[in-house]
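Enquirer: For reference, the sequence and a predicted model appear below.
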Amino acid sequence: FRRVLFRSIAYDSRATAGDFIIDDDFDKKLEYEGATFFLAGSLTDFAKFAECFVHEYKVPKNTNCVALVIYDGALWKAAVDADGMWKHKIEVSKHYAIGNGDQIAVAAMDLGQSAEDAIKAASARDTKTGGKIRVFKIEGLVNEQKRVINKKGRDHQGDDLGSTSEKPRNNRNRSGKNTG
């Protein structure tokens, strides 16, 4: 038995330096050697973080990134803490959020909002979340329960994956729902 699921990842485009907005149209999606990253954290660390994830290199000290990653047919959550980079496969049937505004986005999705609407809710309350909202349809992922995701849009439950803005959380035991 295989249940077909349809998902999307929504993400904002605001880049900040402290409390200063430096760009409201920054694309936080990065494609690197077959992996697609949706990143939050320090913009200058994004490329090195992606390289370290794909090649399993040691990350440089003070790297400040967290990401949802489509790689090797699965959805991953990855971040850096005091011990270095950690990554784990996540269930595609759940909601996740990363970055500033993540708690607001998760709450919105728990209340039935799409990933895109969850980011709109987060941007209304969090100053580091905002700018353009982009939506990326994901396909062909299989989670641990052998569920398949393809490009149709949503599953019959209407679950999305959403990703919000900026600052990563360094607690590997914490996982939210949905990303943008």
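Expert: Sure, I can see it. Numbers count the residues shown, from 1 in each chain.

Enquirer: which ones are touching residue 117?
Expert: residue 108 (CB atoms under 8 Å, 6 or more residues apart in numbering). No exception for glycine: its C-beta is placed from N, CA and C like everyone else's.

Enquirer: what's it sitting at in phi/psi?
Expert: Residue 117 adopts backbone torsions of phi -70, psi -30, taken as degrees, to the nearest 10.

Enquirer: measure it to residue 70 for me?
Expert: 22 Å (CB to CB, to the nearest Å).

Enquirer: can you check residue 95 too?
Expert: 16 Å.

Enquirer: ok, now residue 114?
Expert: Using CB to CB, residue 114 is found at 19 Å from residue 70.

Enquirer: who has more neighbours, those two?
Expert: The neighbour comparison of residue 114 against residue 70 (other CB atoms under 10 Å) goes to residue 70, with 23 against 20.

Enquirer: what sits against that one?
Expert: Contacts of residue 70 by CB under 8 Å, 6+ apart are 35-36, 76, 138, 141.

Enquirer: Could you check how far it is from residue 42?
Expert: 21 Å.

Enquirer: Repeat that for residue 103.
Expert: 21 Å.

Enquirer: if you count what's nearby, which of those two comes out ahead?
Expert: residue 42 (18 against 15).

Enquirer: tally of neighbours for the residue nearest to the more buried one when sequence neighbours are not counted?
Expert: Ranked by CB to CB, 6 or more residues apart in numbering and with sequence neighbours excluded, the top spatial neighbour of residue 42 is residue 64, at 4.1 Å. Look at residue 64: counted by other CB under 10 Å, it has 17 neighbours.

Enquirer: Run through the strands of this protein in chain order.
Expert: For the chain, applying DSSP state E gives strands covering 4-11, 15-17, 20-23, 29-32, 35-41, 65-71, 74-81, 84-89, 134-138, 141-142, 148-150, 161-162.
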